[in-house]
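**Q** how does the following fold in three dimensions:
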Amino acid sequence: MTVRRDGPVMRLRHLRQQGSLKALFPRSGGEALEMVTLNTAGGLTSGDRMSLEATAEAEARLLLTTQAAERAYRAAGDPPARVEARLGAGEGARIDWLPQETILFDGARLDRRLSVDLAPGATALLVEPLIFGRLARGEQVRSGRLRDRWEVRRDGRLLFADVLRIEEDMAATLDRPGVAAGGRAMASLLFAGDAAGGHLAAVRALLPGSGGASLIEDGLLFVRMVAPDGFALRSVLVPIILRLTGAALPKVWKL
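**A** Coordinates of the predicted model:
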């Protein structure tokens, strides 16, 4: 899909969709065009393939989120479920990638890739929350596979790359003090834009001791945090998102 600016209004220039991944466009009343994706298949398991490509043209603003938390269910074996998102923002544009949590069930196998291309003067906010089993329902994730890769470029230059891999005995890995110290929820957040440095102190003040924020370079703020469960994670993550967007969260986050 492609979004363009028409005076004060954001409009769709192009949209194509097929399969179980659908796009909805609620009237948000905000400055950005809001797109909500919905996986009508109800979740992901071995062999599933999902991809999304979205571009905000020059001076446009696009916010992407999900209708609900995505679920990665027990896989029968290889191949894993694969999810790829490719985002772009033209000169002076802004794109916010704000999916709700991805919940991994015991035995899930998920490979994800997020690729972002920014033009000079473009801004991006990227957030990915993860939950390893819903503890309130007594769910435990013991084994599985998660491979999560991010690549962000500006004007063709690689700005940021991150690879997160948790495999096989996931419970033992998450219990390690240097990984999650027993936490079963985590989030990664990247803010790329001229205002990044001005947010660093405020974001650090919002983080618990199990989170950290760094200004990797001028205009590039990265945050990673760990929490005991999804509720605790969201209670920290939401104020940070509100700080970095300066706007209300999409309504689907509140349902």
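**Q** so where's the stretch 101-250 of the chain uncertain?
**A** In the predicted model of the stretch 101-250 of the chain, no residue satisfies pLDDT under 70.
**Q** now do the helices in this structure.
**A** Ranges of helices within the chain are 170-175, 196-206, 230-245, based on DSSP state H.
**Q** which helices and strands sit right next to the longest one?
**A** Applying 3 or more C-beta pairs under 8 Å, 6 or more residues apart in numbering; DSSP states H and E, one finds that helix 230-245 makes contact with strand 123-132, strand 185-192, helix 196-206, strand 220-227. Every residue, glycine included, has its C-beta placed from N, CA and C.
**Q** need those in CSV with mean neighbour count and distance to residue 56, can you?
**A** Listed next are these as CSV, based on neighbours: other C-beta atoms under 10 Å; distance: least, C-beta to C-beta, whole Å:
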stretch, mean neighbour count, distance to residue 56
strand 123-132, 23, 9
strand 185-192, 24, 13
helix 196-206, 15, 18
strand 220-227, 22, 19
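**Q** TSV for these, including distance to residue 94?
**A** TSV is the format used below for those (distance: least, C-beta to C-beta, whole Å):
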stretch	distance to residue 94
strand 123-132	4
strand 185-192	10
helix 196-206	13
strand 220-227	15
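**Q** closest to residue 252 out of those?
**A** Residue 252 lies closest, by C-beta to C-beta, to one member of the helices and strands packed on helix 230-245: strand 123-132, at 13.8 Å.
**Q** re earlier: as TSV, the helices of the chain with distance to residue 106 would be great.
**A** Listed next are the helices of the chain as TSV, based on distance: least, C-beta to C-beta, whole Å:
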stretch	distance to residue 106
helix 170-175	9
helix 196-206	32
helix 230-245	16
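**Q** tell me which of these sits nearest to residue 96.
**A** Residue 96 sits nearest to helix 230-245 of all the helices of the chain, at 6.3 Å, using C-beta to C-beta.
**Q** how far is that closest one from where the chain is centred?
**A** Offset of helix 230-245 from its chain centre (C-alpha atoms, centre = their mean, to the nearest Å): 13 Å.
**Q** quick one: buried residues of it?
**A** 230, 232-234, 236-237, 240-241, 244-245 (16 or more other C-beta atoms under 10 Å).
**Q** about what we covered before: so which of the helices of the chain gets nearest residue 69?
**A** Closest approach to residue 69 among the helices of the chain is made by helix 230-245 (8.2 Å; C-beta to C-beta).
**Q** so for the residue nearest in space to the middle of the chain, what's the nearest residue that isn't a sequence neighbour?
**A** In the chain, the centroid-proximal residue (C-alpha atoms, centre = their mean) is residue 128; its distance is 2.9 Å. Using C-beta to C-beta, 6 or more residues apart in numbering and skipping the chain neighbours, the partner closest in space to residue 128 is residue 188 (5.1 Å).
**Q** which ones are touching that neighbour?
**A** Residues in contact with residue 188 (C-beta atoms under 8 Å, 6 or more residues apart in numbering) are 126-128, 148, 150, 162, 164, 222-224.
**Q** could you dump those into TSV and include distance to residue 19?
**A** Output for the contacts of residue 188, formatted as TSV (distance: C-beta to C-beta, whole Å):
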residue	distance to residue 19
126	24
127	24
128	22
148	22
150	24
162	28
164	26
222	32
223	32
224	32
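**Q** pick the one among these closest to residue 112.
**A** Looking across the contacts of residue 188 and measuring by C-beta to C-beta, the closest to residue 112 is residue 148, at 4.9 Å.
**Q** coming back round to it: check contacts around the residue nearest to the centre of the chain.
**A** Applying C-beta under 8 Å, 6+ apart, the residues near residue 128 are 97, 99, 102, 114, 148, 187-189.
**Q** so residue 243 versus residue 35, what's the distance?
**A** 22 Å (C-beta to C-beta, to the nearest Å).
**Q** no more questions from me, cheers.
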